[in-house]
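Enquirer: heads up, no residue letters with this:
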């Protein structure tokens, strides 16, 4: 019996309103992402890749269709429970790091743990471990503005994995970094995938970044397609 | 529901120090006015309540309201003094002070054209001993049957010719000041005292203004009152001394409270709008952070609480500064006309624990009113749109 996919999308539709106009973004997307996968989602601006990522991360809801992540159909969860679900199942990595500027690296990484029942001492041990994993054990008391872009993104990675979520979503994680820092971050994500078994979905414009993934999916005008030239192209399931 | 850490709210206030100081400053001003009014009212009450001793009863003519307007015939005085609840002194005489209270006009020190009403109280032989809070600080007591008077320190400070050894002219006679007294912050601190019978002659009075009696037991007041009220020969009303003087402050206390609260409410609207603008700006500047907190799993209620807390912290800073400034007023004495006795009354600002708590609550309500709408906006923000703004 094959393992259940980490993510399953079935006939997912999503549209936005622009004034009186309804702009379709996702048009019947259906596909699976296996547990432990490192998937790059590519496509031109406005193709719907960030929307797709938001649906999978549980911060947006589909107009129709099922978004099943870690066995939970997110379309059926009310926002209150969705917040709890995100806290335990998803780690976020953003293009601009999205750290709280008034909190230290330690406090930023600790944020998601404040949503758990862990006692202070255990939280401390977890945060120290996560920061040492990303090579910032000596920067715990630094504020974001005292860190370089690459270091800030590493703090964000530590924050994303602090609750040990099965899924990590990254929206243009290297978009604001120089080449060297970008490579560092991508290697770190590869390590998270390889060594900790995290399922990673990364939205990127950058082919070099996408090449670090196991597989690449392309999205254009709300429809998934695969490029046979991609080293590890994923075949989408039947499109709507 | 898990809360966003307190450090997040605190440090954000610190980060935008200037805005924090300006907004809290506006709130502090309102808190200052609010606390000052309550302190003034408390000072007034304390002054007049301190004027009385719990085992003393004051009697005035029924319906007269104040000592100034009262008149009690000598025959009635004798009946009251004969009541069994009245304490007896040496020689079996009743511990009762027959008093004459009149108003005179005195020129204010440094402003001879400005005249204010001052209470002149003529007391009986035991008048001073019935008021243990009153002590002679300079000079000596007046001699019964003489034209000697003693004046309170407040009177000496505020009026011309009221120093020890000087004479005051009223009632067609000159009165020599032989002593200065301190009445422990009570209403007597705004009075001139002398012999009751001398004042009766000078002011051509046939009856006394009031009678103050010492009861042999404070618990005996109800029986004493029953005896007074049930005697058809008497047309007087009796009150415990502290109650009598507290009632004298009622109109003024109400005036101060209504005026002060009306001012506070008007000012507080401005402060609330100020806090609201500050908090809306804080929310607008942190849209991305709000989106991130929500994405990480903090619920809308947690975000609402964080911004509300920030607004409440602002109001607490305002409360602390406002209260600190208001507490300095305790060194200041206000002198004003008591509407009920038409006399000059001096009293201070008094800060009590109850006033501190009321002021804190008032300030927190301002913080809540100013922060609620911005906090609701933050909590209702769409996560995706908020993250897009980051």
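Expert: Looks like it came in fine. Everything quoted here is computed from the prediction, not taken from an experiment. Numbers count the residues shown, from 1 in each chain, chains lettered A, B, ... in the order given.

Enquirer: which strands and helices sit next to the helix or strand encompassing residue B:364?
Expert: Using DSSP states H and E, the element containing residue B:364 is helix B:353-379. Helices and strands touching helix B:353-379, by 3 or more CB pairs under 8 Å, 6 or more residues apart in numbering or on different chains; DSSP states H and E, are helix B:17-50, helix B:250-285, helix B:300-327. In this view, the C-beta of every residue, glycine as well, is placed from N, C-alpha and C.

Enquirer: looking at those helices, spot the one closest to chain A.
Expert: When the helices and strands packed on helix B:353-379 are compared by CB to the nearest CB, helix B:300-327 sits nearest chain A, at 7.3 Å.

Enquirer: just the buried positions in that closest one, please.
Expert: B:300, B:302-319, B:321-323, B:326 (16 or more other CB atoms under 10 Å in any protein chain shown).

Enquirer: for stretch B:64-75, same thing?
Expert: Buried residues in stretch B:64-75 (16+ other CB under 10 Å): B:64, B:66, B:67, B:68, B:70, B:71, B:72.

Enquirer: any idea how far residue B:281 is from the fourth one?
Expert: Meaning residue B:68. Plainly put, residue B:68 is 58 Å away from residue B:281 if you go by CB to CB, to the nearest Å.

Enquirer: quick one on the thing from earlier: dump the helices and strands packed on helix B:353-379 to TSV, plus mean pLDDT.
Expert: Formatted as TSV, the helices and strands packed on helix B:353-379 follow (pLDDT from 0 to 100):
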stretch	mean pLDDT
helix B:17-50	87
helix B:250-285	87
helix B:300-327	95
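
Enquirer: low-confidence regions, the chain specifically.
Expert: All of this is about chain A. For chain A, the stretches with pLDDT under 70 are A:1-2, A:227-240.

Enquirer: actually it's chain B I care about, not the one you picked
Expert: If you take pLDDT under 70 as the line, chain B has these spans: B:1, B:49-50, B:337-344.

Enquirer: which residues are in contact with residue 160?
Expert: This is for chain A. The contact partners of residue A:160, by CB atoms under 8 Å, 6 or more residues apart in numbering or on different chains, come to A:91, A:92, A:93, A:168, A:170.

Enquirer: if you could check chain B rather than the one you did, that'd help
Expert: So residue B:160 contacts B:106, B:107, B:108, B:109, B:112 (CB under 8 Å, 6+ apart).

Enquirer: burial check on the first one, number of neighbours?
Expert: When neighbours are defined as other CB atoms under 10 Å in any protein chain shown, residue B:106 has 24 of them.

Enquirer: just to revisit the earlier point, out of the buried residues of stretch B:64-75, who's nearest residue A:121?
Expert: residue B:66 (70.5 Å; CB to CB).

Enquirer: quick one: that closest one from residue B:218, how far?
Expert: For residue B:66, the distance to residue B:218 - CB to CB - is 24 Å.

Enquirer: with residue A:165 instead?
Expert: 74 Å.

Enquirer: between those two, which one's more packed in?
Expert: residue A:165 (21 against 13).

Enquirer: including distance to residue B:43, neighbour count and secondary structure, could the contacts of residue A:160 go into CSV?
Expert: Formatted as CSV, the contacts of residue A:160 follow (distance: CB to CB, whole Å; neighbours: other CB atoms under 10 Å in any protein chain shown; DSSP: H, G, I helix; E, B strand; the rest coil):
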residue, distance to residue B:43, neighbour count, secondary structure
A:91, 61, 26, strand
A:92, 59, 25, strand
A:93, 63, 25, strand
A:168, 65, 24, strand
A:170, 66, 27, strand
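
Enquirer: filter the residues you listed down to the ones near chain B?
Expert: Checking those against chain B by CB under 8 Å from any CB of the partner chain, the ones in range are residue A:92.

Enquirer: how near is the residue nearest to residue A:45 when sequence neighbours are not counted to residue A:50?
Expert: Once flanking residues are discounted, residue A:45 sits nearest to residue A:205: 7.9 Å by CB to CB, 6 or more residues apart in numbering or on different chains. Note on residue A:205: its distance to residue A:50, by CB to CB, is 11 Å.

Enquirer: do the same with residue B:254
Expert: 65 Å.

Enquirer: which one's more surrounded, those two?
Expert: Ranked by neighbour count (other CB under 10 Å), residue B:254 and residue A:50 place residue A:50 first, with 22 against 12.

Enquirer: verify the contact between the more buried one and residue A:203 for me.
Expert: Yes: applying CB atoms under 8 Å, one finds residue A:50 in contact with residue A:203, separated by 5.8 Å.

Enquirer: need the residues touching each of these two.
Expert: With CB under 8 Å, 6+ apart as the test, residue A:50 and residue A:203 both reach residue A:171.

Enquirer: okay, now residue A:176: neighbour count?
Expert: Residues lying near residue A:176 (other CB under 10 Å) number 16.

Enquirer: quick check: the residue of the stretch 1-150 of chain B nearest chain A.
Expert: For the stretch 1-150 of chain B, CB to the nearest CB, closest residue to chain A: residue B:11, 3.7 Å.

Enquirer: so that residue versus residue A:103, what's the distance?
Expert: Taking CB to CB, one finds residue B:11 at 7 Å from residue A:103.

Enquirer: the two: who's more crowded?
Expert: Neighbours around residue B:11 and residue A:103, counted as other CB under 10 Å, are more numerous at residue A:103. The numbers are 20 against 17.

Enquirer: list the contacts for the more buried one?
Expert: Counted by CB under 8 Å, 6+ apart, residue A:103 has contacts A:111, A:143, B:5, B:7, B:8, B:11.

Enquirer: export these to TSV and tack on distance to residue B:54?
Expert: As requested, the contacts of residue A:103 are arranged in TSV below (distance: CB to CB, whole Å):
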residue	distance to residue B:54
A:111	61
A:143	63
B:5	54
B:7	53
B:8	54
B:11	54
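
Enquirer: correct me if wrong, but residue B:106 is in a helix.
Expert: No: counting by DSSP: H, G, I helix; E, B strand; the rest coil, one finds residue B:106 to be strand, located in no helix.

Enquirer: right, and the helix or strand after the one helix or strand residue A:51 maps to?
Expert: Take DSSP H and E as the rule and residue A:51 turns out to sit in helix A:49-57. Under the assignment DSSP H and E, the closest C-terminal helix or strand after helix A:49-57 is strand A:64-69.

Enquirer: what residues of that next one count as buried?
Expert: Neighbour counts over strand A:64-69 (16+ other CB under 10 Å) mark A:65, A:67, A:68, A:69 as buried.

Enquirer: next one: stretch B:183-197
Expert: Buried, per 16+ other CB under 10 Å, within stretch B:183-197: B:183, B:185-197.

Enquirer: start and end of that stretch, how far apart?
Expert: Start-to-end span of stretch B:183-197 (CA to CA, to the nearest Å) is 22 Å.

Enquirer: next one: that stretch to chain centre, how far?
Expert: Computed by CA atoms, centre = their mean, to the nearest Å, the separation of stretch B:183-197 from the middle of its chain amounts to 19 Å.
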